[in-house]
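Student: have a look at this prediction, sequence included:
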Amino acid sequence: MEPIQGGLASSRRQWTALLLPGSVTLAALFLVPLGMLVVYSFGTTDIVGRPQLGLTLDNYRLVFQGYNASVVVRTVEYALVATACCLVLGYAVAYTAARFAGRWGGAIVGLVTVSWLVDYLVRIYAWKQLLSDGGFVNQTLDRLGLAPVSLTGTSLAVVAGLVYGYLPLMVLPLYASLKDLDPSVIDAGKDLFGNPRQTFLHVTLPATRQGVIGGCLLVFLPVLGDFATAQFLGGPSNTMIGNIISDQFVASGSQTFGSALAVTLIVLLVLCVAITAVAQRGRGRVTEVLP
Amino acid sequence: MSASGTFDRPRFLWVVTGLTLAFLFVPVVVVTVFSFNSSASLTSLDGASLRWYRAFFDDVDLLASLRLSVVIALVSSVASVVLGTLVAVGIRRGTRFIGGPTNGSVFLRVLTPETATGVALLLLFTQLGIPLSTTTVVISHTVLCLAFVAVVVGSRLALLSPQIEEAAMDLGATRLHAFRLVALPVLWPSIVAAGLLAFVISFDNFITSFFTSGLGVPPLPVRIYGMLKFGVTPVVNAIGVLMLVGTVVAVGLAALLAAQVRRLRGAQLEEAARG
């Protein structure tokens, strides 16, 4: 038998040993690369375009200049609109599944999950097929005797594609938190407030705050970095940050400028998390909002 | 339920839910239907055929990519489940000194868009002179999935009271024994679920693979990206359906397996309690 005395400290050390392989992996292959992004974002490129260490703000100046600045703003706008749409639609689906659907609730969530299992690029491709000139939507319009509309290469197509791509990530945490909510709390709210709108705003919504925040982060953040949706569904005027970043690294661009853009993306992320953390202060820790 | 309004009226919610599900499924249905189309048209149906499935199975390059994606997903999901579970346990039970920052990194890794981490890894590999290959993809997927595994297993572990294990130790079990007998049976389903999630994330992964794969055979999603860039082809529809069916079958089997294990464990525990 182990000695009870002093066992706690030594056991903590033993458990910590389990942590090390994963901690080292995360440090070497997540934190170090992020650090390198930051370092090279202040660097310059040589004649061949290879990144060189340096100490210049030129890359950041480029990020916040004319065209690029408008892309950053557009990306944030798209991400906000897509997240808001996902929240409204996702809440309705999750609420129906958790409250009214009985045993069909699981089936609804299952369907949502299955749609998410379709390969990301195939889903974008499916949208392209539907929306393209002479595509399914336009053919239907044609058959109805309506004039065809140009749907790809518009903000609408890109935002719809983003909503489609990330909606399941909103539904799952919302469903989990609505499922955890005791229905009698909602009934009590109805007794208290009388009308359903008040009940929803004052009882249901605050009680499922964790799911709302978790879902919004899970949608908003990856959308900020998305590039395939805008590339295939959008036109030249729908470019997002991700498109410029990937061009810098994969096409013959400037990796230092790409690093500055990626750091901008991470700063946006940190801002979001910080805002969430402040809003959540005294209401439990931010890490708890993840599913 | 006397009061009625849009917020608590099932009919309204059912309509929105139905429309949303339709929104999610119309593209899936379109892909499926057109994958059986006999002509190359992506707009009009010209009779059923398995032409595009045959085209897929006749394409040596596509099959090589599929095989590669399965291997990558298997290796990186196993590696990330081992590392991620250890991390989850270590964060809960270990010293704050390392556990805290690790927890922070896990959290940040889950939230950071793959575009940023993908180019960061690309920068790391190129600056260290490591050529991009299947190995760099597997390494990158493992780090990505590790964080998700740690979150999934960690959230289950958080619900587990350490007092039960302490009780087992009072009854003479060693620490490891107590963990294996008390915590592991409870954690097992979430470990399986995390492994499944890791497999799906890796198999379907495009963004991270895109930045970390080299000039050799690309993983399937990167290959699809290339195909889409050079115009649309109905073969993509067939690939999409096959990938969906494959993933759903894999997820279903794993869920059945997990249920089976749980039942067996339950029976064992009951027996142990009686004996």
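Tutor: Yep, that arrived. Residues are numbered from 1 along each chain as shown, chains lettered A, B, ... in the order given.

Student: so who does the closest residue to chain A within the stretch 101-250 of chain B touch?
Tutor: Across the stretch 101-250 of chain B, no residue is closer to chain A than residue B:113, which sits at 2.6 Å (C-beta to the nearest C-beta). To be clear about C-beta, it is placed using only N, CA and C from the backbone, and glycine gets the same treatment. Residue B:113 makes contact with A:221, A:222, A:224, A:225, A:226, A:242, A:265, A:269 under the criterion C-beta atoms under 8 Å, 6 or more residues apart in numbering or on different chains.

Student: next one, pLDDT for it please.
Tutor: Confidence at residue B:113, expressed as pLDDT, is 93.

Student: can you check which helix is longest in the chain?
Tutor: Looking at chain A here, since you left the chain open. helix A:66-95 (DSSP state H).

Student: wait, chain B
Tutor: If you go by DSSP H, chain B has its longest helix at helix B:235-274.

Student: so how far is the longest helix of chain A off the chain centroid?
Tutor: 9 Å (C-alpha atoms, centre = their mean, to the nearest Å).

Student: who are the contact partners of the closest residue to the residue of the stretch 101-250 of chain B closest to chain A other than its chain neighbours?
Tutor: With sequence-adjacent residues excluded and distances taken as C-beta to C-beta, 6 or more residues apart in numbering or on different chains, residue B:113 is closest to residue A:225, at 2.6 Å. Contact analysis of residue A:225 by C-beta under 8 Å, 6+ apart lists A:241, A:242, A:245, A:265, B:113, B:114, B:115, B:116, B:207.

Student: quick one: residue A:225 from residue A:275, how far?
Tutor: 18 Å (C-beta to C-beta, to the nearest Å).

Student: repeat that for residue A:111.
Tutor: 33 Å.

Student: neighbour count for the two, which is higher?
Tutor: Using other C-beta atoms under 10 Å in any protein chain shown, the more surrounded residue of residue A:111 and residue A:275 is residue A:111, with 19 against 10.

Student: the strands in chain A, which residues?
Tutor: A:44-45, A:51-52 (DSSP state E).

Student: what helices and strands are in contact with the last one?
Tutor: To tie it back to what came earlier, the one meant is strand A:51-52. Helices and strands touching strand A:51-52, by 3 or more C-beta pairs under 8 Å, 6 or more residues apart in numbering or on different chains; DSSP states H and E, are strand A:44-45, helix A:255-280.

Student: turn these into JSON lines, including distance to chain B.
Tutor: Listed next are the helices and strands packed on strand A:51-52 as JSON lines, based on distance: least, C-beta to the nearest C-beta, whole Å:
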{"stretch": "strand A:44-45", "distance to chain B": "13"}
{"stretch": "helix A:255-280", "distance to chain B": "5"}
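
Student: looking at these, spot the one closest to residue B:255.
Tutor: Comparing the helices and strands packed on strand A:51-52 against residue B:255 with C-beta to C-beta, the closest turns out to be helix A:255-280 (32.3 Å).

Student: which pLDDT value belongs to residue A:9?
Tutor: In this model, residue A:9 carries a pLDDT of 65.

Student: what of residue B:122?
Tutor: For residue B:122, the pLDDT comes out at 96.

Student: now do the SS call for it.
Tutor: Following DSSP: H, G, I helix; E, B strand; the rest coil, residue B:122 is assigned to helix.

Student: any idea how many residues pack against the closest residue to it other than its chain neighbours?
Tutor: Computed as C-beta to C-beta, 6+ apart, the closest residue to residue B:122 that is not its neighbour in sequence is residue B:211, at 4.5 Å. Residue B:211 has 26 neighbouring residues, counting by other C-beta under 10 Å.

Student: hmm, back to that, as a markdown table, the strands of chain A with mean neighbour count would be great.
Tutor: Output for these, formatted as a markdown table (neighbours: other C-beta atoms under 10 Å in any protein chain shown):
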| stretch | mean neighbour count |
| --- | --- |
| strand A:44-45 | 16 |
| strand A:51-52 | 16 |
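
Student: in JSON lines: those, plus distance to residue A:169.
Tutor: Shown next, in JSON lines, are those (distance: least, C-beta to C-beta, whole Å):
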{"stretch": "strand A:44-45", "distance to residue A:169": "36"}
{"stretch": "strand A:51-52", "distance to residue A:169": "33"}
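
Student: I'd like the ones you listed laid out as a markdown table, including mean pLDDT.
Tutor: Shown next, in a markdown table, are the strands of chain A (pLDDT from 0 to 100):
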| stretch | mean pLDDT |
| --- | --- |
| strand A:44-45 | 87 |
| strand A:51-52 | 85 |
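
Student: just to revisit the earlier point, quick check, pLDDT for the residue nearest to residue B:113.
Tutor: For residue A:225, the pLDDT comes out at 93.

Student: same question for the one 10 residues further on.
Tutor: The per-residue pLDDT reported for residue A:235 equals 87.

Student: what's the local residue count around it?
Tutor: Using other C-beta under 10 Å, the number of residues around residue A:235 comes to 14.

Student: go on, residue B:246?
Tutor: Using other C-beta under 10 Å: residue B:246 sits among 14 other residues.

Student: now, the contacts of residue A:225 that are in helices?
Tutor: Filtering these for helices - DSSP H - leaves A:241, A:242, A:245, A:265, B:114, B:115, B:116, B:207.

Student: show the backbone phi and psi for the residue of the stretch 101-250 of chain B closest to chain A.
Tutor: phi -60, psi 140 (degrees, to the nearest 10).

Student: and it, how close does it get to residue B:217?
Tutor: Residue B:113 is 26 Å from residue B:217, by C-beta to C-beta.

Student: also residue A:10?
Tutor: 49 Å.

Student: among the two, which residue is more densely surrounded?
Tutor: Each of residue A:10 and residue B:217 has its neighbours counted (other C-beta under 10 Å); residue B:217 has more, 16 against 12.

Student: low-scoring stretches of chain A, by residue?
Tutor: Applying pLDDT under 70 to chain A picks out residues A:1-9, A:282-291.

Student: contact partners for residue B:220?
Tutor: By C-beta under 8 Å, 6+ apart, the residues touching residue B:220 are B:62, B:65, B:66, B:68, B:69, B:203, B:239, B:243.

Student: local confidence estimate at it?
Tutor: Per the predicted model, pLDDT is 94 at residue B:220.

Student: next one: it from residue B:164, what distance?
Tutor: 44 Å.

Student: likewise residue B:26?
Tutor: Using C-beta to C-beta, we find residue B:26 at a distance of 49 Å from residue B:164.

Student: what ranges do the helices span in chain B?
Tutor: Counting by DSSP H, the helices of chain B are B:10-35, B:51-58, B:60-93, B:96-111, B:114-127, B:134-158, B:162-170, B:175-178, B:184-204, B:207-212, B:220-229, B:235-274.

Student: right, and residue A:124 touches residue A:230 too?
Tutor: No - taking C-beta atoms under 8 Å as the definition, residue A:124 is not a contact partner of residue A:230, at 9.9 Å.

Student: what residues does the stretch 151-275 of chain B put near chain A?
Tutor: B:151-152, B:155, B:169, B:172, B:174-175, B:200, B:204, B:206-207, B:210-211, B:221, B:224-225, B:228, B:232, B:236-237, B:239-240, B:243-244, B:247-248, B:251 (C-beta under 8 Å from any C-beta of the partner chain).
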